[in-house]
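Peer 1: Please find the sequence and the predicted model below.
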Amino acid sequence: MTVAAVILASSPESALADAAGRPSVRRISEVAWAGGAVPIVVVCDERDGQVAAALTGSQAILAQPAPDEAGPVGQMARGMRVALDSVAETDAGLLWPARMSWVDAETVTSLIQAHGMGRDRILRPSWGDEPGWPVLFPVSRLDALEALGTTRMPDELIADLEAAGVVVETIDLGDPGTTHDRDVSLADVPAFEGPGAPVADPAPEWGAPAGDRDEDDPLQGPSLAPYSQAADPDG
């Protein structure tokens, strides 16, 4: 079972915004990797090499976004397609807005475990009664996603799929990072509680939480793909 992380940054400024001393996309990439997601795809426009530089030495693939007129749905689909091109066995992707910088690695692992129990469901984490992000999206539903309206916002797209009969399951994983974005400082985010009960049988250990790692000791994984390669829609 292979679950990608598809990190969606609306601009280089969003990708590089500070998240507890690291660029948002770098922090998210490390958390996603620590939680067991692979491949890691960052969808972001790149103008001066700063986003690529922030990801150098990490496991991330930097991908050119879809045209602006494709809307949020186009960016989501673009990231999923790049993940499939990178690892053909990918059967789901975590759709992860770059503003959601405080998600815990355990949440990633829990979503991946839950996906193994029913692979056609969309899985959405929540904290309390509020649905959050990243949303685990199965590849089997990609055609349905691409058929949705280009003007719809991410929350609306999930609602549209549910209205069309796709099963969307919300799971309270006790992670306030799924609903508190980086506009809230990390010091002000409520404490992580974890899921009240296991969501599936224990999974293999993927690695230490990203917060326990030294920035000078980068995670091992695939090198950053050449940007031109990731940007090629045929590659």
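Peer 2: Structure's in. What do you need?

Peer 1: Could you pull up the residues touching the residue nearest to V42 when sequence neighbours are not counted?
Peer 2: The shortest distance from V42 to any non-neighbouring residue, by Cβ to Cβ, 6 or more residues apart in numbering, is to I7 (4.7 Å). (Glycine included, C-beta is placed from N, CA and C.) Counting by Cβ atoms under 8 Å, 6 or more residues apart in numbering, I7 touches 25, 28-29, 32, 40-44, 60, 79, 96, 98.

Peer 1: Which two of these have the greatest separation?
Peer 2: A32 and C44 (14.9 Å; Cβ to Cβ).

Peer 1: I figured A70 hits G149, correct?
Peer 2: No - with contact defined as Cβ atoms under 8 Å, A70 does not count as touching G149 (10.9 Å).

Peer 1: Neighbour count: these two, which is higher?
Peer 2: Neighbour count, other Cβ atoms under 10 Å: between A70 and G149, A70 has more, with 15 against 11.

Peer 1: Roughly how far does the closest residue to that one other than its chain neighbours sit from A32?
Peer 2: Leaving aside its chain neighbours, A70 sits nearest to T150 (5.8 Å; criterion: Cβ to Cβ, 6+ apart). Distance of T150 to A32, given as Cβ to Cβ, to the nearest Å: 26 Å.

Peer 1: out of these two, which sits in the more crowded spot?
Peer 2: A32 (28 against 13).

Peer 1: re the thing from before, in strands, which of the contacts of I7 fall?
Peer 2: Using DSSP state E, the members of the contacts of I7 that fall in strands are I40, V41, V42, V43, A60, W96.

Peer 1: show me the contacts for D104.
Peer 2: V31, G35, D175, G177, F192, P209.

Peer 1: any idea which of these is least confident?
Peer 2: Across the contacts of D104, the smallest pLDDT goes to P209, namely 43.

Peer 1: Of all the residues in the lengthiest helix in the chain, which ones are buried?
Peer 2: Ranked by residue count and defined by DSSP state H, the top helix of the chain is helix 71-86. By 16 or more other Cβ atoms under 10 Å, the buried positions in helix 71-86 come out as 71-86.

Peer 1: what about the protein, any weak spots by pLDDT?
Peer 2: Applying pLDDT under 70 to the chain picks out residues 197-235.

Peer 1: So for it, which residue is the most central one in space?
Peer 2: W96 (3.2 Å; Cα atoms, centre = their mean).

Peer 1: Disregarding residues adjacent in the polypeptide, which is nearest to it?
Peer 2: P134 (3.7 Å).

Peer 1: circling back: check contacts around the residue nearest to the centre of the chain.
Peer 2: A5, V6, I7, L8, I28, A32, V103, W133, P134.

Peer 1: Break down the chain into its helices, ranges please.
Peer 2: Taking DSSP H as the criterion, the chain carries its helices at 12-16, 24-35, 50-55, 71-86, 105-115, 142-146, 154-163, 227-231.
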